[in-house]
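Got a predicted structure plus its sequence, pasted below:
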Amino acid sequence: MLLLWVLLATITGGLIAVLIASWLAYKVFAKYLHHMVSLSVGVLLSVALLHLLPEAFETGVGNAHVLFGLMLASLIGFFVLEKIALLRHSHHHEGDGHHHHKGHDRHEAGRGGMLILIGSSLHNLCDGVLIAAAFLTDPLLGVLTAASIIIHEIPHKLGDFVVLINAGLRRRRAFALILFTSLCSAVGGIIGYFVLQQAQDWTPYILVIAASSFLYISVADLMPQMHERVSLSDAVPQLLLVGVGVALIYSVTTLMHHGHDHGGHADHGAPHAEHGHQH
């Protein structure tokens, strides 16, 4: 029965976050995609630097050199993948004289969004592990942890939608891909339920890889697009929206830590509960 609750929380939570983010991306912000790229930069950088990496280093105490080495290897690995054109679109346009078939640019651009999906899948896998850890300690704590992750995932999924829309993917395909990454939390929940200790040992390394993908996509793909708009009228909104993205994730992360403090006092020393509620 407890496993059923874990699966219900992970699947339902991911679906809710994706639906809300999809509505925001296509109904509310569709006309402001270039502005949403700036917001996405703030969100992705903050998720990586204020949430994933701190959690990875808190969980992987004593492994700082290994984690930093993994981050370096991940960043170089993503660079190599882009260099061999597996994950990033080619920089050309329709009508550039290269005589590509119709739709070639959209197909190539779609590759540019795959990097963000790798990081999201790993991130959601860890979310599932943490939800399972919380449920195994206390079902109520599991519900609270799942709810906090939903709140956190909405701006994160919105960022994913912006990246994929910007990469040229159609709405239905973007929705399907992001929904697939969300279902990885259910896989993480199953892993956490059956082999929790081993999964917890893997968590900091998975989080570092996920954070590296968010850092890379922000710095290598999105920020250069922002620099293409050089006027002051473009620069000011860009900076403001990056700040909004940072403030949004900072606020959510602060609320999570506040809830963790209360949960830690009430839990009487269960390590898995503390880690799960922190997220």
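In hand now; what should we look at? Numbers count the residues shown, from 1 in each chain.

low-scoring pLDDT stretches of the stretch 101-250 of the chain, where are they?
For the stretch 101-250 of the chain, the stretches with pLDDT under 70 are 101-113, 197.

Helices of that one, start to end?
Ranges of helices within the stretch 101-250 of the chain are 104-111, 114-137, 139-166, 171-194, 196-216, 223-227, 232-267, based on DSSP state H, counting those that start in this stretch.

Most tightly packed of those?
helix 114-137 (a mean of 26; mean count of other C-beta atoms under 10 Å). C-beta coordinates here come from the backbone N, C-alpha and C atoms, glycine included.

Could you list every helix and strand that it packs against?
Under the contact criterion of 3 or more C-beta pairs under 8 Å, 6 or more residues apart in numbering; DSSP states H and E, helix 114-137 touches helix 2-23, helix 64-83, helix 139-166, helix 171-194, helix 196-216, helix 271-278.

hmm, back to that, could you export the helices of the stretch 101-250 of the chain as JSON lines, including distance to L19?
As requested, the helices of the stretch 101-250 of the chain are exported to JSON lines (distance: least, C-beta to C-beta, whole Å):
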{"stretch": "helix 104-111", "distance to L19": "22"}
{"stretch": "helix 114-137", "distance to L19": "15"}
{"stretch": "helix 139-166", "distance to L19": "9"}
{"stretch": "helix 171-194", "distance to L19": "9"}
{"stretch": "helix 196-216", "distance to L19": "22"}
{"stretch": "helix 223-227", "distance to L19": "27"}
{"stretch": "helix 232-267", "distance to L19": "18"}
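
closest one to F57 among those?
helix 196-216 (7.1 Å; C-beta to C-beta).

Not counting its own residues, what contacts the closest one?
Contacts with helix 196-216, where a contact means C-beta atoms under 8 Å, 6 or more residues apart in numbering, come from 44-45, 47-49, 52-53, 55-57, 59-60, 63, 67, 70-71, 74-75, 78-79, 115-116, 118-120, 122-123, 125-126, 129-130, 132-133, 136, 188, 191-192, 272, 275.
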